[in-house]
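>>> got a predicted structure here, sequence first:
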Amino acid sequence: MKLSRRLVTVFMCLFAAKALFCEDSIENGEDNDLDSITEDNEKELVVRDSVDPTVPDGDAVGPAQALIGGFPVAPHKYRFMVSLQLQKNRFHLCGGVLISSTHVLTTSVCVFGLNTFDIIVGVGLHNRKTNDSQHFFKVKSIQLHRLYNSTQGSFENDIALLTLAAPITSQPTIKAGIIALPRNINEDYHKPSAAAFRLVGWGATKNPRPGQEIVLPLLLQGALVRVLSAAQCSTRAKERMKASKICIDSGRTAVCMGDSGGPLFRQRASGEYELVGLGSYVVGNCQAINGANVFTKVAYFLPWIEKAVAANRQVNPPRVPPPPSVAFNECARTNGIAPFVINGKNATKHQLNWIVSIQSPNSYDVLTHICGGSIISDRLILTAAHCLYYLNSNDRYGTDQLKIKFGSHNPHDSPAIGISNIQIHPKYHNQNPSTHLHHDIAILTLKHAIGIDNKKVGLISLPSPGKKVCTGDEDLAWIAGWGHTNSTKDPVDQLYLTPPKILQYARVERISRATCRGIYPTLNFSQYMMCTSSTGTDACQGDSGGALFEKYLVRDTTTGETKTKHRILGIISGSSRGCGIAGKASIFTEVAGYVRSMIAPAIDKCRTKC
């Protein structure tokens, strides 16, 4: 069987003894012929390479590619696992994981030098050699980390994102799933209480000797492994181990030939699996007693993953499997990255005294803004339901994990108060792909009453029950939040903008429901959703839970003085693909539809007992 010289070179890199061999071959154009690639149709794939495929003892470093000391796993237990294969002959190159219905995370070493037409992604597989074509998806785009440099041989920033040409939901019969991303960038995996760590892959089950055949199993293998401390890893690798990497002991169970890009993961208390690392390289041979298998630490690259997904997004984020068919982003918080109101301006002090910042402590126990909210009584905060779920997860925040900051246009200076209860609309379903924007509303109960003085702290007015505010007439309204005053044109860079500390607000154009349906014809649009145009000004990337509001005048019957008041119309729920894009729209939960059924009863109940 003949392969193109280009693919032969890449293949040789994946199985080379040293990292620098790969790069020299590519750079100098050496023609290292592959002797043969043969398939045993009944048992297993056998690879014979004219170059010694093993990593020699000592300190040599090479791509990590196989699973040694593992065992066959139950079919379809780890549905997030994918096989990256050569398009031409379905030869297994690397592993990867699904983080959304259209996005696969793997390592750069796996796809460096390849075009989208060179590879195909096997999804929902147990036997990697299945002939069922519905399991294989073409690749639309490949994005390597921009700081990955294959010529350095250091495997820094060894991470890549593949976007599939079609969502996995286009083949509803395959058994595929999505793995959860880490919850924050500073995730600590060395705690004594940390859950057991696991590996899965289709890599070689034995460490090959010089001249031996490399045998890849047909069925997915799995193993439990031990994570090394950074100090242990640095000692074994004889290099300072950076925060972007994580290591496992290679003594009994190891990765080697065949599965770079495969996952290191653990199981949460909820039962779902959380991605920890991606196989990058080995130190020593595949199973050296004092060696180490080094993985790209996924938590470290959460900001990069968020921006890469945003840049290649067909649907919003990897947190809702599978996503809807319409191309828009939910405006959820992004792992501690603050929200922004596009083209807004600074609010004056206490101008919007009813807005609050919903915050949660990060790994350093520092409160971090995740969403906005509105004060509707001295004990109740109105926000979006999806704000109360961890990113890329069906796990919810507990009451002890949230704080409310209020009374200031700088949320870092504000007093904080705990919450005692979370009420999410009973018909809200975070994991439903077609209706996850429906009933996106929640009420938080504060631990104690806050003083409403109508100066530093005030209430936002509610609309009349059932009153429709977006039925045909185009009008103006306002949005507010803590975030950027402008947006970069490049959606990849938006998440790296530093948000200001001062509350932002902006005027937006309210559009009719009919117009919004025209923009998103495939969206399952409920009667309690409303839209604004996202041209020019917009709410995006983290401003969820904040208010869409209107201004109105009231006259004090005692003094005759006229004052401006604010009435909430909607709760920020979703936004167009990108932000501030002409012809697109932001989506809100229409508050009027929930006053009688949810909000008023909560306020009445809280008058006597919260």
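It's in.

>>> I'd like to know which elements the strand ranked longest in the chain is packed against.
Counting by DSSP state E, the longest strand found in the chain is strand 562-576. Contacts defined by 3 or more C-beta pairs under 8 Å, 6 or more residues apart in numbering; DSSP states H and E place strand 562-576 against strand 328-330, strand 367-375, strand 380-383, strand 475-482, strand 529-533, strand 538-540, strand 547-555, strand 585-590. Where C-beta positions appear, they are placed from N, C-alpha and C, glycine not excepted.

>>> reformat these as TSV; add distance to P263, mean neighbour count and mean pLDDT.
As requested, the helices and strands packed on strand 562-576 are exported to TSV (distance: least, C-beta to C-beta, whole Å; neighbours: other C-beta atoms under 10 Å; pLDDT from 0 to 100):
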stretch	distance to P263	mean neighbour count	mean pLDDT
strand 328-330	25	24	30
strand 367-375	26	25	88
strand 380-383	33	26	98
strand 475-482	35	22	81
strand 529-533	36	27	87
strand 538-540	30	31	48
strand 547-555	40	17	87
strand 585-590	33	29	89
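
>>> now the ones you listed as JSON lines including distance to H190?
Below are these laid out as JSON lines (distance: least, C-beta to C-beta, whole Å):
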{"stretch": "strand 328-330", "distance to H190": "33"}
{"stretch": "strand 367-375", "distance to H190": "22"}
{"stretch": "strand 380-383", "distance to H190": "35"}
{"stretch": "strand 475-482", "distance to H190": "33"}
{"stretch": "strand 529-533", "distance to H190": "45"}
{"stretch": "strand 538-540", "distance to H190": "36"}
{"stretch": "strand 547-555", "distance to H190": "42"}
{"stretch": "strand 585-590", "distance to H190": "41"}
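
>>> which among these is found nearest to Q504?
Nearest to Q504, of all the helices and strands packed on strand 562-576, is strand 475-482, at 6.0 Å by C-beta to C-beta.

>>> sheet partners, orientation included, of that closest one?
Partners of strand 475-482 in the sheet, by DSSP bridges, are strand 503-511 (antiparallel), strand 547-555 (antiparallel).

>>> including distance to V276, could those strands go into TSV?
Formatted as TSV, the strands paired with strand 475-482 follow (distance: least, C-beta to C-beta, whole Å):
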stretch	distance to V276
strand 503-511	36
strand 547-555	38
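
>>> ok now do L444, which residues does it touch?
Listed by C-beta atoms under 8 Å, 6 or more residues apart in numbering, the contact partners of L444 are I358, G373, L380, I381, T383, L402, I404, I419, N421, I422, Q423.

>>> which among the residues you listed gets closest to I142?
Distances from I142 to the contacts of L444, taken by C-beta to C-beta, are shortest for I358, at 36.8 Å.

>>> what about the strands in the stretch 251-400 of the chain?
In the stretch 251-400 of the chain, the segments counted as strands under DSSP state E, counting those that start in this stretch are 263-267, 273-283, 292-297, 328-330, 340-342, 345-346, 355-361, 367-375, 380-383.

>>> turn those into TSV, columns for distance to Q143.
Output for these, formatted as TSV (distance: least, C-beta to C-beta, whole Å):
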stretch	distance to Q143
strand 263-267	19
strand 273-283	14
strand 292-297	15
strand 328-330	17
strand 340-342	23
strand 345-346	34
strand 355-361	29
strand 367-375	26
strand 380-383	33
